[in-house]
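> Kindly generate the corresponding structure for this input.
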Amino acid sequence: MSLDTLFDHFEEKELPPDLSAFIIKTCLHMRKGEDFRSSMNNVAKDLREFTDSYASCIMTISRDLYRFDVIGESVRNNEIVLQNVFDKIPYEIVESWEEMILENDSIIIKNSDDMEYYAKRSPKWVETLKENGVESLCLIPFIHQNTIIGYMYLTNFDTSNIDNIKEAITLMSIFVSSEAAHHLLIERLRSLSLIDSRTGVYNRTAMNNMVDELSAQLKLAPAPFSVAFCYLNTLKTVNEKKGHDVGNTLLKEAGKVLKEVFQNDYIYRSSGDEFAIISTTCTEDEFEEKIENLKDLASDPEWLYFTVGYYTDNTDGALHSAMKYANKYEQEFNEEFYYNYPDMIK
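Next up, the predicted model:
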């Protein structure tokens, strides 16, 4: 539903006094926040309390960067942190909402029949809903310049009140959309200097900044970390034989796979066909498991193939040394790849 349609819809009807008071109060709260995220948390809290829902969430989505962000959240009694929940959810699940929303401008789940209907449309998403105890849901997009730039949703509410709940969240989406659009513009300007546009991961400048900062921290307080270098062996051959447009598609897929495997880690495009990973949250075994997962997903010598060298430092905190070791191991595996596939272009 476009903004013009929304305005026409609400212009033709008289809003209930309690809903009008809620909108005014929440818009004031949105201006009261000390920063953007605290303002959005205020909106989420007001919306959750007005609708007597268990959880309320506000998210933005950036398709060209293959990312979404939780910008506001509120959960009854602060029982869970929604950001932690969404850290485990891949971008593709959130991306799938748009197609389902096109049917009737929202996604509403009131009962098990609705849940099973959406399970057929997006089984992985519904699986996450069930895992997190969601029994009812109202999800509304917010729109800027006829483009979906984010979503607001409520969970576990009195479904007999769904019409009023949908009206409240839809109205709030109008006011949130302009704030979110401004936030996305600022974030985009910031990201342009740090994000590699072809892959959606951090660029070399961001890596250099991170290495300098983390290296200084580790010297003061050594802590376990892991690093890896991942070489995209097939890129030069694809560029030469199929053209750079196809090569750019390969880079895009490479970035997507890396972000799926190394969630919550730092991913950088360190050079044209090489990526670096820095992890400060995984154990050695967990990092090795991710490496093996990457090798399984990127083992096609005709398309996506990574050779990987990695190193874990559990005691010394010597980041530069660890990166040298990882890079050395990657180069050794790299030579082995070209020995096994002599027709590939180095």
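> what about the helix or strand hosting residue 42, distance to the chain center?
Per DSSP states H and E, residue 42 falls inside helix 36-51. On the basis of C-alpha atoms, centre = their mean, to the nearest Å, helix 36-51 sits 21 Å off its chain's mean C-alpha point.
> Summarise which helices and strands it is packed against.
helix 17-32, strand 55-62, strand 67-75, strand 147-155, helix 162-192 (3 or more C-beta pairs under 8 Å, 6 or more residues apart in numbering; DSSP states H and E). Using the backbone N, CA and C atoms, a C-beta is placed for each residue, glycine as well.
> In JSON lines: these, plus mean neighbour count and distance to residue 328.
Shown next, in JSON lines, are those (neighbours: other C-beta atoms under 10 Å; distance: least, C-beta to C-beta, whole Å):
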{"stretch": "helix 17-32", "mean neighbour count": "14", "distance to residue 328": "53"}
{"stretch": "strand 55-62", "mean neighbour count": "23", "distance to residue 328": "36"}
{"stretch": "strand 67-75", "mean neighbour count": "21", "distance to residue 328": "32"}
{"stretch": "strand 147-155", "mean neighbour count": "21", "distance to residue 328": "44"}
{"stretch": "helix 162-192", "mean neighbour count": "17", "distance to residue 328": "32"}
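> Select, out of the ones you listed, the one closest to residue 104.
helix 162-192 (10.6 Å; C-beta to C-beta).
> quick one: the helices in the stretch 101-250 of the chain?
Secondary structure of the stretch 101-250 of the chain (DSSP state H, counting those that start in this stretch): helices at 112-121, 123-131, 162-192, 204-220, 235-242, 244-261.
> May I see those arranged in CSV, with mean pLDDT as well?
Formatted as CSV, the helices of the stretch 101-250 of the chain follow (pLDDT from 0 to 100):
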stretch, mean pLDDT
helix 112-121, 95
helix 123-131, 95
helix 162-192, 82
helix 204-220, 89
helix 235-242, 94
helix 244-261, 95
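> Any idea which of these gets closest to residue 325?
Smallest distance to residue 325 across these (C-beta to C-beta): 14.5 Å, for helix 204-220.
> Show me which residues of stretch 255-275 are buried.
255-259, 261-262, 265-270, 273-275 (16 or more other C-beta atoms under 10 Å).
> how's the protein carved up into domains?
Under the assignment automatic domain parsing, the domains of the chain span 3-190, 204-340.
> In terms of mean pLDDT, which of the ones you listed ranks lowest?
With a mean of 87, domain 3-190 has the lowest mean pLDDT of the domains of the chain.
> Could I get the domains of the chain in JSON lines, plus columns for distance to residue 346?
Listed next are the domains of the chain as JSON lines, based on distance: least, C-beta to C-beta, whole Å:
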{"stretch": "domain 3-190", "distance to residue 346": "29"}
{"stretch": "domain 204-340", "distance to residue 346": "6"}
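> quick revisit: between the buried residues of stretch 255-275, which sits nearest residue 23?
residue 259 (37.4 Å).
> Which residue comes closest to that closest one once chain neighbours are left out?
Closest residue to residue 259 apart from its sequence neighbours, by C-beta to C-beta, 6 or more residues apart in numbering: residue 267 at 6.4 Å.
> For residue 97, what are phi and psi?
The phi/psi pair for residue 97 (degrees, to the nearest 10) reads phi -60, psi -40.
> ok so, going back, so which of the domains of the chain comes closest to residue 198?
The minimum distance between residue 198 and the domains of the chain falls on domain 204-340, with 4.6 Å, by C-beta to C-beta.
> How about the contacts made by the nearest residue to residue 48 once chain neighbours are set aside?
The shortest distance from residue 48 to any non-neighbouring residue, by C-beta to C-beta, 6+ apart, is to residue 56 (3.7 Å). Residues in contact with residue 56 (C-beta atoms under 8 Å, 6 or more residues apart in numbering) are 44-45, 47-48, 72-75, 152-154.
> Would you mind giving the residues you listed as a markdown table with distance to residue 161 added?
Shown next, in a markdown table, are the contacts of residue 56 (distance: C-beta to C-beta, whole Å):
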| residue | distance to residue 161 |
| --- | --- |
| 44 | 19 |
| 45 | 19 |
| 47 | 14 |
| 48 | 14 |
| 72 | 22 |
| 73 | 22 |
| 74 | 18 |
| 75 | 19 |
| 152 | 17 |
| 153 | 16 |
| 154 | 11 |
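> tell me which of those is nearest to residue 287?
residue 73 (29.2 Å).
> show me the contacts for the residue nearest to the closest one when sequence neighbours are not counted.
Closest residue to residue 73 apart from its sequence neighbours, by C-beta to C-beta, 6+ apart: residue 82 at 4.2 Å. Residue 82 makes contact with 55, 57, 70, 73, 75, according to C-beta under 8 Å, 6+ apart.
> Same question for residue 150.
Per C-beta under 8 Å, 6+ apart, neighbours of residue 150: 58-61, 71, 141-142, 176-177, 180.
> Could I get the contacting residues of the nearest residue to it once chain neighbours are set aside?
Distances taken as C-beta to C-beta, 6+ apart put residue 60 closest to residue 150, at 4.1 Å, once the chain neighbours are dropped. Applying C-beta under 8 Å, 6+ apart to residue 60 gives the contacts 68-69, 71, 149-150, 180, 183-184.
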